[in-house]
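[1] what's the 3D shape of this:
(one chain, ligands or ions: 2)
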Amino acid sequence: MIPYDKLDKIPYGGDYNPEQWPEETWQEDMRLFRLAGIDIVTLNVFSWAALQPDETTYDFSKLDKIMELVKENGLKVCMATSTGAHPAWMAKKYPDILRVDFDGRKRKFGGRHNSCPNSPTYHKYAPRLAKKLAERYRDHDNIVAWHISNEFGGECYCENCEKEFRVWLKKKYGTIETLNRAWNTSFWGHTFYEWDEIVVPDMRSEHFDVDRTMFQGISLDYRRFMSDSILACYQMEYDAIKEILPDAAITTNLMGFYKPLDYFKWAKQMDFVSWDNYPANEDSYAKIAMAHDLMRGIGGGAPFALMEQTPSVTNWLPYNALKRPGVMRLWSYQAMAHGADTVMFFQMRRSIGACEKYHGAVIDHAGTEHTRVFREISVLGGELEQIGKRTMGMRTKSDVALIMDWDNWWAIEYSAGPSVELKYLNEFGRYYEALRKMNYNVDIISPEDDLTPYRVVIAPVFYMVKGDCDEKIRSFVKKGGSFVTTFFSGIVQENDLVMPGGYPGSLRDILGIWVEEQDALPKDQYNHFTYKGKTYPAELLCDLLHPETARQIDEDGYHEDFYQGFPVLTKNELGEGSAYYVATASNEAFYKEFLKDVCEEKGVLPVMELPEGVEATSRENDQERIVFLLNHNDTETEIDLPYPCQDLLTNEILAAGKLVLTPKDVRLLQSSLN
Ligand code: GLA
Ligand code: ZN
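    Ligands and ions are numbered 1, 2, ... in the order given. Sure thing, here's the model as predicted:
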């Protein structure tokens, strides 16, 4: 949980690197932070080389000074452990800490996020540093949270990883025979007789390229193993801190839909989830919302921390456009609207050298408060002061859940067929975005999560059905829930072995259909179908299916080709609920129409009905419910407020009826629960 007992308002601040500046600058920083309403700094993110100048020496003198400075100035601290980049001397002395890349090249010292997760040196020194920090700063009660490493990620293919992979496999499969069966190694004569015949799957072995493998079984397990290996590194530091500070609130900054790490597993080891929100300029607001909802979802619905966002501009995109006036504020509230209980930036002061010198910051190279960005930051600082604790800890109530699964993501995209255009997140996003744009609250959950709190559960491209998940869905439907899934679902079990006997495998009786074949349509080629009088494109994949107990709910099936007339949408009644199958991909207009019907049938309503570009979510606690209204449009937008409410930011009482939102406007509307 976010450490609410140590906070009296939404923490506002971010990554601060005073070690990059002369001490004269520090006092000026403090003055500027006060002006902007900044009350928290994340310290010590990349200081390993400074804290440990050689193998036996630790030097905390500078950090001590910084800690004194921020304490005197009433700042709270999110204390990082510095292990996101190892010291150069360590790489020179202990090359096992260096990674081997996908092409098999041993890396040299450089960059960051660069340690092999199975390096004995890293395992020894990273938790040791975390422990020393916890020991040294244990009595600093302005430390509200601990931040392990930084944006864990990437992968390694070194010999230590190879050895550990075999250990991981042995633990998972027990015997080599079981492993051979799980990977179907009789294909292409890959049978293994000894564990040490197994090598890492990379460009030297099983891969055509990063995305394409000849053996799904081994590549899929390597992804699982890497995610687990890196998680173990996090865990070592976590345990080291907890040994000294059992009550510490510990996190690491995640990255939204980050493919290499199974964040559902990760979040279980985190006291609270935090993440860094860096949308691309062209991302829709719904896509940004989707990542926030995932970050709330991996934490079981608990509020999360927005650990980083840029106040103005990034440096790493091909075109680093400025956040337009009002957008930083709007996106900060959007994070809160989806469950964030902090608003934090990378970074407080713009550095003068290396690759982030043109990355936005609270304090620009000009070094003063007289910038557009600083003014906008100060305004938001004032507002957050005023909101205080009011929104903190509030939960999002949602009747609709989307099932997301990293194993499924990895397996679909390694699958070699049916289409190179089939990307899990694109398909997942079509469902999420349609619901978001209609302003339904949506939870993103894992297949392991409980389905009973929901009325509608959607699993787009549910290719891999693991364990007893089919049984959970069956019982959810029988008890009255609505389940929706799509083409290319129910194909394989957890080892990526096809469930023989007809698609969609173990979901067949739930959906009441049999899928005989799948046709891949090249980009820009379409079939068509009609739903409730309107004709929509069918694209990407077209399943050729036979209803068994289900009935067709589109009008007359596919319009073209030899499978003309085959059903596109089916509905199966099972017990008290229903299961829908969407046999193809289509456009946003279709998803909106269809999902609205599915929700309405279950009495599920959007937070508010609003014009395009205006987003609404709600969060609540026992006392009150707050609707976040966000105008993502560049123009004034008139909305129809369905009931009277009070605006938290202006204290104005708003009557039901017409309300004009200015471009990028934000309203926090309070309506009591009873
Ligand atoms: C990430 C990192 C930060 C910084 C920013 C720049 O989120 O965690 O250290 O590099 O990106 O956008
Ligand atoms: Zn390695």
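
[2] what's the local residue count around Gly360?
    When counting by other CB atoms under 10 Å, one arrives at 22 neighbours for Gly360. Bear in mind the C-beta positions are built from the backbone N, C-alpha and C, glycine included.

[3] leaving out sequence neighbours, find the closest residue to it.
    Nearest-residue entry for Gly360: Ser312, 3.5 Å, with adjacent residues in sequence omitted and distances by CB to CB, 6 or more residues apart in numbering.

[4] in three-state terms, label that neighbour for me.
    coil (DSSP: H, G, I helix; E, B strand; the rest coil).

[5] count the residues that sit near it.
    Neighbour number of Ser312 under other CB under 10 Å is 24.

[6] wait, it sits on Ile377?
    No - counting by CB atoms under 8 Å, Ser312 sits too far from Ile377 to count as a contact (9.2 Å).

[7] any shared contact partners between the two?
    Met328 (CB atoms under 8 Å, 6 or more residues apart in numbering).

[8] quickly find the element holding Val515.
    strand 513-520 (DSSP states H and E).

[9] repeat for Gly217
    helix 216-244.

[10] contacts for whatever helix or strand comes next after that helix next, please.
    Beyond helix 216-244 in the direction of the C-terminus, DSSP H and E gives the next helix or strand as strand 250-251. If you take CB under 8 Å, 6+ apart as the criterion, strand 250-251 is touched by 145-148, 238, 241-242, 270-274, 305, 307.

[11] let me see the mean pLDDT of strand 250-251.
    The average pLDDT within strand 250-251 is 98.

[12] how far off centre is stretch 613-633?
    From the chain centre to the centre of stretch 613-633 is a distance of 21 Å (CA atoms, centre = their mean, to the nearest Å).

[13] Lys172 in helix, strand or coil?
    helix.

[14] how close does the spatially most central residue of the chain sit to ligand 2?
    Residue closest to the mean C-alpha point of the chain, counted by CA atoms, centre = their mean, is Gly256 at 2.4 Å. Between Gly256 and ligand 2 the distance is 25 Å, computed by CB to the ion, to the nearest Å.

[15] the closest residue in space to that residue that isn't next to it in sequence: which element?
    In this structure, Gly256 finds its nearest non-sequential neighbour in Ala291, 3.6 Å apart by CB to CB, 6+ apart. For Ala291, the host element (DSSP H and E) is helix 285-298.

[16] what are the phi and psi angles of Thr81?
    Taking degrees, to the nearest 10, you get phi -100, psi 0 for the backbone angles of Thr81.

[17] nearest spatial neighbour of it, chain-adjacent residues omitted?
    Here the residue nearest Thr81, using CB to CB, 6+ apart, is Ala130, at 4.4 Å.

[18] that neighbour reaches Glu237, doesn't it?
    Yes - under the criterion of CB under 8 Å, Ala130 makes contact with Glu237 at 4.0 Å.

[19] hey, what's in contact with both of the two?
    Joint contacts of Ala130 and Glu237 (CB under 8 Å, 6+ apart) are 81, 83, 148.

[20] could I get these as a markdown table with pLDDT, distance to ligand 1 and neighbour count?
    Shown next, in a markdown table, are the shared contacts of Ala130 and Glu237 (pLDDT from 0 to 100; distance: CB to the nearest ligand atom, whole Å; neighbours: other CB atoms under 10 Å):
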| residue | pLDDT | distance to ligand 1 | neighbour count |
| --- | --- | --- | --- |
| Thr81 | 98 | 14 | 30 |
| Thr83 | 98 | 13 | 27 |
| Ile148 | 98 | 12 | 27 |
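
[21] closest one to Cys116 out of those, please.
    Thr83 (12.7 Å; CB to CB).

[22] these two touch, right, that closest one and Ala130?
    Yes - between Thr83 and Ala130 there is a contact under CB under 8 Å: 7.1 Å.

[23] overlap of the contact sets of these two?
    What both Thr83 and Ala130 touch, as defined by CB under 8 Å, 6+ apart, is the set 148, 237.

[24] ok, Ser82 touching Asn44?
    Yes - using CB under 8 Å, Ser82 is in contact with Asn44, at 5.3 Å.

[25] what strand or helix carries Gly603?
    Using DSSP H and E, no helix or strand contains Gly603.

[26] and the residue nearest to it when sequence neighbours are not counted, how far from ligand 2?
    The shortest distance from Gly603 to any non-neighbouring residue, by CB to CB, 6+ apart, is to Arg455 (7.3 Å). From Arg455 across to ligand 2, the span is 46 Å (CB to the ion).

[27] cool, Met344 as well?
    31 Å.

[28] for Asp209, same thing?
    From Asp209 to ligand 2 the distance is 21 Å (CB to the ion).

[29] skipping its backbone neighbours, what lies nearest that residue in space?
    Met203 (7.6 Å).

[30] got a list of what the one you found touches?
    So Met203 contacts 102-104, 209 (CB under 8 Å, 6+ apart).

[31] widest-spaced pair of those residues?
    The widest separation within those (CB to CB) is 13.8 Å, between Gly104 and Asp209.

[32] of those two, which one has the most company?
    More neighbours surround Gly104 than the other of Gly104 and Asp209, with 13 against 8 (other CB under 10 Å).

[33] from Leu98, how far off is that one?
    Look at Gly104 and Leu98: by CB to CB, to the nearest Å, they are 13 Å apart.
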